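Asks: Got a predicted structure plus its sequence, pasted below:
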Amino acid sequence: MDVRKAIEDRRAYRSLDPIAITDDLVNDLASSAILAPSCFNKQPERFVFVYDKDTLEKMHGALPKANAWATTASMLIAVFSERDSDCIIKDREYYLFDTGMATAFLILRATELGLVAHPMGGYNEKRIKEVLGIPENMTVITLVGVGKKSDDMNPVLTDQQIAIEKERPERLPLEEFSFKNRYKTIP
Ligand SMILES: Cc1cc2nc3c(=O)[nH]c(=O)nc-3n(C[C@H](O)[C@H](O)[C@H](O)COP(=O)(O)O)c2cc1C
């Protein structure tokens, strides 16, 4: 078991080569996601795995220019959920958290399979719902673009995106987000 390697190898790359999408791959990713923990095992996460060419093209119409790179993904996974399908404890609503964890499991499994699985928040949610038949009361939380990392830089990338493609964006130093035994505010 080498979860740490998948965590380290995972990157939100934007230069993608096409891959064959098979039933086995879709079932593997879905069955990895559903093993994530969820509040009272409510499993609020829902996924539509889109790899049909016509449907992908319709989804491309919901992407802003900054996410034009995602038109080269062989599959776009719509991740969605509904607030009332998961625990609500006082003012804590768990559907986003649990769906996020399931999505992280899916992304790490894709990484283990040698794939790129890149989550996005930039899309027209209304359009995605229309294209995929997702009910109004549900929230489309992310789209995940899936492909294989390309050695060639995607020509639609901005200079900033090219820089990030070459080097992982910096993370916070440990002491800024992780504390031992007691939280300390940073002056
Ligand atoms: C909720 C969420 C929304 C994101 N939205 C976008 C997006 O719209 N477009 C994009 O190119 N990347 C998007 N990303 C990817 C992040 O920019 C990326 O994960 C971050 O810069 C860290 O880089 P790394 O994942 O390669 O380590 C998103 C990631 C998350 C988790």
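Replies: Yes, it's here.
Asks: Show me which residues of this structure are close to the ligand?
Replies: 11, 12, 14, 67, 119, 120, 121, 122, 142, 168, 169 (C-beta under 6 Å from any ligand atom). From N, CA and C alone the C-beta is placed, and that goes for glycine too.
Asks: Just among those, which is most surrounded?
Replies: Ranked by neighbour count (other C-beta atoms under 10 Å), those have residue 14 at the top, with 27 neighbours.
Asks: which phi and psi does that residue have?
Replies: When read as degrees, to the nearest 10, the backbone of residue 14 gives phi -120, psi 0.
Asks: who are the neighbours in contact with the closest residue to it other than its chain neighbours?
Replies: Leaving aside its chain neighbours, residue 14 sits nearest to residue 69 (3.9 Å; criterion: C-beta to C-beta, 6 or more residues apart in numbering). Listed by C-beta atoms under 8 Å, 6 or more residues apart in numbering, the contact partners of residue 69 are 14, 15, 16, 145, 154, 156, 157, 161.
Asks: Let me have those in a markdown table, extended by secondary structure.
Replies: Shown next, in a markdown table, are the contacts of residue 69 (DSSP: H, G, I helix; E, B strand; the rest coil):
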| residue | secondary structure |
| --- | --- |
| 14 | coil |
| 15 | coil |
| 16 | strand |
| 145 | strand |
| 154 | coil |
| 156 | coil |
| 157 | coil |
| 161 | helix |
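Asks: By neighbour count, which of these wins?
Replies: Most crowded among the contacts of residue 69, counting by other C-beta under 10 Å, is residue 14 at 27 neighbours.
Asks: Enumerate every residue touching it.
Replies: Neighbouring residues of residue 14 by C-beta under 8 Å, 6+ apart: 69, 70, 118, 154, 157, 161, 164, 165.
Asks: which two in those residues are spaced the farthest apart?
Replies: Pairwise distances across the contacts of residue 14 (C-beta to C-beta) peak at 14.8 Å, for the pair 70 and 164.
Asks: which one of these two has more residues nearby?
Replies: When neighbours are counted by other C-beta under 10 Å, residue 70 and residue 164 differ, and residue 70 comes out ahead with 27 against 16.
Asks: Which elements pack onto the strand or helix carrying residue 26?
Replies: For residue 26, the element it lies in under DSSP states H and E is helix 23-33. Where contact means 3 or more C-beta pairs under 8 Å, 6 or more residues apart in numbering; DSSP states H and E, helix 23-33 is packed against strand 46-50, helix 95-112.
Asks: Could I get the CA-only coordinates of the first one as CSV?
Replies: It stands for strand 46-50. Provided in CSV are the C-alpha atoms of strand 46-50 (Å, rounded to 0.1, in the frame of the first residue of the first chain):
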residue,chain,number,x,y,z
ARG,A,46,-23.4,11.3,-7.1
PHE,A,47,-21.3,11.1,-10.3
VAL,A,48,-22.1,11.3,-14.0
PHE,A,49,-19.1,10.0,-16.0
VAL,A,50,-19.3,11.6,-19.4
